[in-house]
Every structure is written in structure tokens, then in C-alpha cells.
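Q: Structure for the following, please:
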Amino acid sequence: MDTRAADRLDAISQRIARAQERFGAPPERVQLVAVSKTFAAEDIIPFLEAGQRVFGENRVQEAQAKWPALRQAWPDIELHLIGPLQTNKAREAVALFDVIETVDREKLASTLAAEMQRAGRKLPCFVQVNIGLEEQKAGIAPAEAVAFVERCRSVHGLDIVGLMCIPPDGVPPGPYFAQLAELGRAAAVASLSMGMSGDFEVGIAMGATHVRVGSALFGHRPPLGA
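A: Numbering: from 1, shown residues only. Next up, the predicted model:
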């Protein structure tokens, strides 16, 4: 077994535990989503061997190329889609992923609902909130998030279990995470996916149930096309 992967996984797990102890914030358990986007199967296997089972991928096509074979060896993998989803990839996403964290518009909600019904799968979903109202980022506007969650449930029949966000770069993330937590309470969701390698402890302080950690586990990402 690659001890470097095990050591990194243990270090992040300890930081999560210390943050929970320090802040005394709910929930009792924080789920580590290991963000494996751009990394090949051979880079992921050491983390599977070390016991990690929950992973996040950004792109359907990339995930299709590596995860079906890994699932044959580790059938208890839980795969989260954490990147933007085009409606024409919804069928593939429903077949491959276990959790969709990026529901961000009405058309996608409707398409996902139809594909889940067709496939006989009812995946837990998160609504992605554009918490900083940034033009370059996907997500529903904060002011519309609670009503959108309700429509996803009542109109489309989706199982919305949480909210997800990516705060703006270069500014303290705490206020944005606090706002997402407030929206989560208003929308009556149990889960909050917030916090990445550089700020997951702040996310935990604000009540994150899921933290998405990539570079702190896998190191710097290979350049595109490498």
C-alpha cells in the first residue's frame, strides 16, 4: 500500500476531527469527499487501499473513463458529481454517480427527474448556490435558493438533501459559509457541502456536513492535456 496516500488521508481526517472538536459545531460526522478530478485511476487506487470510499468528479466523461473499473474492485464506492452538469449528460450522470451536488437550474432539475425515473434510481441531490453572485460560477442565486429547493421537491420530485457552494476567491469564506448554513435551515435540508483544501476547517465551523478536498490529498493537479 502507498503509505503517502494513507498518511495524507490520515492527516486530513485528523484535521477534520480537530475542527469538529474545536468548534463544537454540528453535525456529529463530516464526510470527506476526495476530489479526484484530473487524476488517473492509478493515482486513486492508493486512497482506495487506504480506506477512502467517497470521491468527487467534475466531468461525466472523465469519470466514465476510470470509475466503472474501479467499482468492480471496490463496489462500495460513493461517487459525487461536483462539477457543472449539462442536460445532455444527465442520463450518463444518473447511471454513473451516486450523488449529484450541482443542481442549479429548472431545466436540469426536470431532466434529472426524468432520467432518474427512466433508470429507476432516486439519487440524493444538492442544490448549488452561487453564494458570491459571481458571473463565472454556476449556481442558483441565494435569494432564489429556498424557493428553488421547494420546486425541485414538489414539482420535480427530486430528493434534495443539501446545499453546495464555492465561495469567492481571495476573501474570507466564513460569511459565505454562514449564509449557506442559514439558507440550509430555511430550506430544511440536512446537508451542507462547503469547504475545500484551503478552507474546509472554516466550513466545518459553520456546519459543513461534506468537505471537498483535492490538492491536500492528491497534490497539484496535472496540467490539462498532460
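Q: Strands of this protein, start to end?
A: Counting by DSSP state E, the chain has these strands, from start to end: 31-35, 54-57, 78-81, 99-103, 124-129, 159-165, 191-193, 210-213.
Q: could you dump these to TSV with distance to Ala145 and mean neighbour count?
A: The C-beta positions use only the backbone N, C-alpha and C, and glycine is treated the same way. Listed next are the strands of the chain as TSV, based on distance: least, Cβ to Cβ, whole Å; neighbours: other Cβ atoms under 10 Å:
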stretch	distance to Ala145	mean neighbour count
strand 31-35	21	22
strand 54-57	21	23
strand 78-81	19	22
strand 99-103	11	24
strand 124-129	5	26
strand 159-165	7	22
strand 191-193	12	25
strand 210-213	17	24
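Q: Would you convert those strands into CSV that also reports mean pLDDT?
A: Formatted as CSV, the strands of the chain follow (pLDDT from 0 to 100):
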stretch, mean pLDDT
strand 31-35, 98
strand 54-57, 98
strand 78-81, 98
strand 99-103, 98
strand 124-129, 98
strand 159-165, 98
strand 191-193, 98
strand 210-213, 98
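Q: Kindly reformat those as a markdown table containing distance to Glu150.
A: Output for the strands of the chain, formatted as a markdown table (distance: least, Cβ to Cβ, whole Å):
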| stretch | distance to Glu150 |
| --- | --- |
| strand 31-35 | 25 |
| strand 54-57 | 26 |
| strand 78-81 | 22 |
| strand 99-103 | 13 |
| strand 124-129 | 10 |
| strand 159-165 | 9 |
| strand 191-193 | 17 |
| strand 210-213 | 22 |
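Q: among these, which is nearest Ala11?
A: Nearest to Ala11, of all these, is strand 210-213, at 10.6 Å by Cβ to Cβ.
Q: In space, what's closest to the residue nearest the centre of the chain - neighbours in sequence excluded?
A: Nearest to the geometric centre of the chain sits Ile82, at 4.5 Å (Cα atoms, centre = their mean). Distance criterion Cβ to Cβ, 6 or more residues apart in numbering; nearest residue to Ile82, sequence neighbours excluded, is Gly56 at 4.1 Å.
Q: and the closest residue to Ala5 other than its chain neighbours, how many neighbours does it have?
A: Nearest non-adjacent residue to Ala5, counting by Cβ to Cβ, 6+ apart: Pro46, 3.5 Å away. By the criterion of other Cβ atoms under 10 Å, Pro46 has 18 neighbours.
Q: From Asp2, how far off is Pro46?
A: The spacing between Pro46 and Asp2, counted by Cβ to Cβ, to the nearest Å, is 3 Å.
Q: same question, Leu32
A: Leu32 is 18 Å from Asp2, by Cβ to Cβ.
Q: Please list all residues in contact with Phe218.
A: 34-36, 39, 43 (Cβ atoms under 8 Å, 6 or more residues apart in numbering).
Q: In JSON lines: the residues you listed, plus distance to Cys165.
A: Listed next are the contacts of Phe218 as JSON lines, based on distance: Cβ to Cβ, whole Å:
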{"residue": "Ala34", "distance to Cys165": "19"}
{"residue": "Val35", "distance to Cys165": "15"}
{"residue": "Ser36", "distance to Cys165": "20"}
{"residue": "Phe39", "distance to Cys165": "24"}
{"residue": "Asp43", "distance to Cys165": "27"}
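Q: with those in mind, which one is nearest to Ile16?
A: Set against Ile16, the nearest of the contacts of Phe218 by Cβ to Cβ is Ala34 (12.1 Å).
Q: who touches the longest helix anywhere in the chain?
A: Ranked by residue count under DSSP state H, the longest helix found in the chain is helix 3-23. Residues outside helix 3-23 that contact it (Cβ under 8 Å, 6+ apart) are 28, 30, 32, 34, 46-47, 49-52, 200-201, 204-205, 211, 213, 216-217.
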